[in-house]
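In: Could you work out the structure for the sequence below:
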Amino acid sequence: MIHERMVKEQLKRIGSDFKFWGVSELRELPKVLFEGEQLNHVINGRYTGGFATLCATDQRVLLIDKKPFYLTLEDIRYDMISDVMYNHRLLNATVLLGTVHKSIAFIGYNHGKLRNMTNFIQQKVLEFRQRQDQQQMQVFTDPSNLSAPVQNLVQLPEPTSPINPYKMPVMIRRRVSRFY
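Out: Model (predicted):
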């Protein structure tokens, strides 16, 4: 848990110090953020559960929904995000964050801030995937990972491409009616 003063300084730095809407969500930030975690983008809007605040930090994406009798927190790490989609309309814009298990549609009314947040999230996901691909490539090509007797017996093939679980096709079985 970090100090509330540090969170307020970060919010002022990024220009997201709300005065009316979203104050209760911002009060939850010091309890949710890790030590050393930096806020990069914060925006208010709606999702399926009602009004909420979407925060993008250097480590994860947070959806905070604080109501009088309950609190909803969605913690989405950048390694869990499989796709990011952005839709822009006349009055609002939507960002859709897809994970393996579910997707979150967040509607914001500040097009510019939501677009910048979407670009930031896409950049972080890309950086994580590139780092992960480099680590996998090092594991496959580094013969020092094998023990000495096994090095003489096993010749590692050159990998054509690193394994990425997000690029694998998804098999869906659907029941087909006889009368369809």
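In: which phi and psi does residue 123 have?
Out: The phi/psi pair for residue 123 (degrees, to the nearest 10) reads phi -60, psi -40.
In: residues touching it, list them.
Out: Residue 123 makes contact with no residue under the criterion CB atoms under 8 Å, 6 or more residues apart in numbering. For every residue, glycine as well, the C-beta is placed using N, CA and C.
In: Renumber starting at 31 from here on
Out: Sounds good: first residue 31 from here, last item residue 153.
In: How about the host helix or strand of residue 116, which residues are buried there?
Out: For residue 116, the host element (DSSP states H and E) is strand 111-118. The neighbour-count check on strand 111-118 (16 or more other CB atoms under 10 Å) flags 111, 114, 116 as buried.
In: In its sheet, which strands sit next to the helix or strand that that strand is followed by, and in what direction?
Out: Downstream of strand 111-118, the first helix or strand assigned by DSSP H and E is strand 123-129. Strand 123-129 pairs in its sheet with strand 111-118 (antiparallel), strand 133-138 (antiparallel), by DSSP bridges.
In: For strand 123-129, the averaged confidence score.
Out: Averaging pLDDT along strand 123-129 yields 93.
In: where do the helices sit along the protein?
Out: Using DSSP state H, the helices of the chain run over 34-44, 53-62, 141-171, 178-183.
In: Give the buried residues for the longest one.
Out: Of the residues in helix 141-171, 143, 144, 146, 147, 148, 150, 151, 154, 155, 159, 162 count as buried by neighbour count, 16+ other CB under 10 Å.
In: for the second one, same thing?
Out: Of the residues in helix 53-62, those with enough neighbours to count as buried (16+ other CB under 10 Å) are 55, 56, 58, 59, 62.
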